[in-house]
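Trainee: Here's a sequence, model it:
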Amino acid sequence: MRTLLLDRDGVINQDSPDFIRTPGEFRPLPGALEAVVRAQRAGYRVIIVSNQSGLARGLFAMRDLNAIHRRLQDELERLGGRVEAFFFCPHGPDDGCDCRKPAGGLLRALATRLGVELGNVPFIGDRISDARAAQSVGARPLLVRTGLQPLGAAALTALGPVEVFDDLPAAVEALLSC
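Mentor: Reported below is the predicted structural model:
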């Protein structure tokens, strides 16, 4: 089975400058859940890889994060899909960990725990840090424009060849048409 890695906020659901703190704040982006299900039906197992610094900042607790992920699972299950695993960095930007994207520690941990070879595995994110994390482990970075931060031309040029799509449904469509 092939693996598809996805960031969460700004890719699957609307992001917020104030963080997604409760299940009620989790709002799927148009067509995103259906795109996840489509990828699964095409033979991909879907794994979420996200920075969740709101935990370190005290903005929400682990039970809140688990409830948000449960809501995502529930919505996907209603459509016939599911996320196989959730991997997240609970640290703040200044904590100096190796699991916070753009570092590749979280992806390496995922590879070890799930037995995934990351070479050329697609990782769809909405930030330059997602693409850099993917590149650091040999995964295939793809970016979507549905996040809060604009994907500037200079930053994209510095990354090298990275495919950019309007949204998750477009990225999954391109992935499945290869």
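
Trainee: Endpoint to endpoint, stretch 87-95 covers what distance?
Mentor: 18 Å (CA to CA, to the nearest Å).

Trainee: list the buried ones in that stretch?
Mentor: Within stretch 87-95, the residues that qualify as buried are 87-92, counting by 16 or more other CB atoms under 10 Å. Where you see a C-beta, it was placed from the backbone N, CA and C, and this is true even at glycine.

Trainee: List the contacts of that stretch.
Mentor: Stretch 87-95 is contacted by residues 47-53, 55-57, 62, 65, 97, 99-101, 105-107, 109-110 when judged by CB atoms under 8 Å, 6 or more residues apart in numbering.

Trainee: again, only using 7 Å
Mentor: Here stretch 87-95 makes contact (CB atoms under 7 Å, 6 or more residues apart in numbering) with 47-53, 55-57, 97, 99-101, 106, 109-110.

Trainee: Any quick ChimeraX command for the buried ones out of these?
Mentor: Of these, the buried ones can be selected in ChimeraX as follows, counting by 16+ other CB under 10 Å:
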select :47,48,49,50,51,52,53,55,56,99,100,101,106,110
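
Trainee: Filter the contacts of stretch 87-95 down to the ones in helices?
Mentor: In helices, judged by DSSP state H, the following of the contacts of stretch 87-95 are found: 106, 109-110.

Trainee: Nearest to residue 39 among the residues you listed?
Mentor: Closest approach between these and residue 39, by CB to CB: residue 110, at 17.0 Å.

Trainee: Now the closest one. Nearest residue, chain neighbours left out?
Mentor: Computed as CB to CB, 6 or more residues apart in numbering, the closest residue to residue 110 that is not its neighbour in sequence is residue 87, at 4.8 Å.

Trainee: and that neighbour, that's in a helix?
Mentor: No - under the criterion used here (DSSP: H, G, I helix; E, B strand; the rest coil), residue 87 is strand, not part of a helix.

Trainee: can you tell me how far it sits from residue 112?
Mentor: Computed with CB to CB, to the nearest Å, the distance linking residue 87 and residue 112 is 11 Å.

Trainee: Same question for residue 95.
Mentor: Distance of residue 95 to residue 112, computed by CB to CB: 21 Å.

Trainee: And for residue 61?
Mentor: 27 Å.

Trainee: could you pull out the strands for the protein?
Mentor: 2-6, 44-51, 85-89, 122-125, 140-144, 163-165 (DSSP state E).

Trainee: mind saving the C-alpha coords of stretch 152-167 as CSV?
Mentor: What follows is stretch 152-167, C-alpha atoms only, in CSV (Å, rounded to 0.1, in the frame of the first residue of the first chain):
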residue,chain,number,x,y,z
GLY,A,152,5.9,33.6,-2.2
ALA,A,153,7.7,33.2,-5.4
ALA,A,154,11.2,33.8,-3.8
ALA,A,155,10.6,31.1,-1.2
LEU,A,156,9.3,28.7,-3.8
THR,A,157,12.3,29.3,-6.0
ALA,A,158,14.6,28.6,-3.1
LEU,A,159,13.0,25.2,-2.6
GLY,A,160,13.6,24.0,-6.0
PRO,A,161,11.1,22.0,-8.0
VAL,A,162,8.0,21.7,-5.8
GLU,A,163,4.5,21.3,-7.3
VAL,A,164,1.9,23.9,-6.1
PHE,A,165,-1.9,23.4,-6.3
ASP,A,166,-4.9,25.5,-5.5
ASP,A,167,-6.2,23.0,-2.9
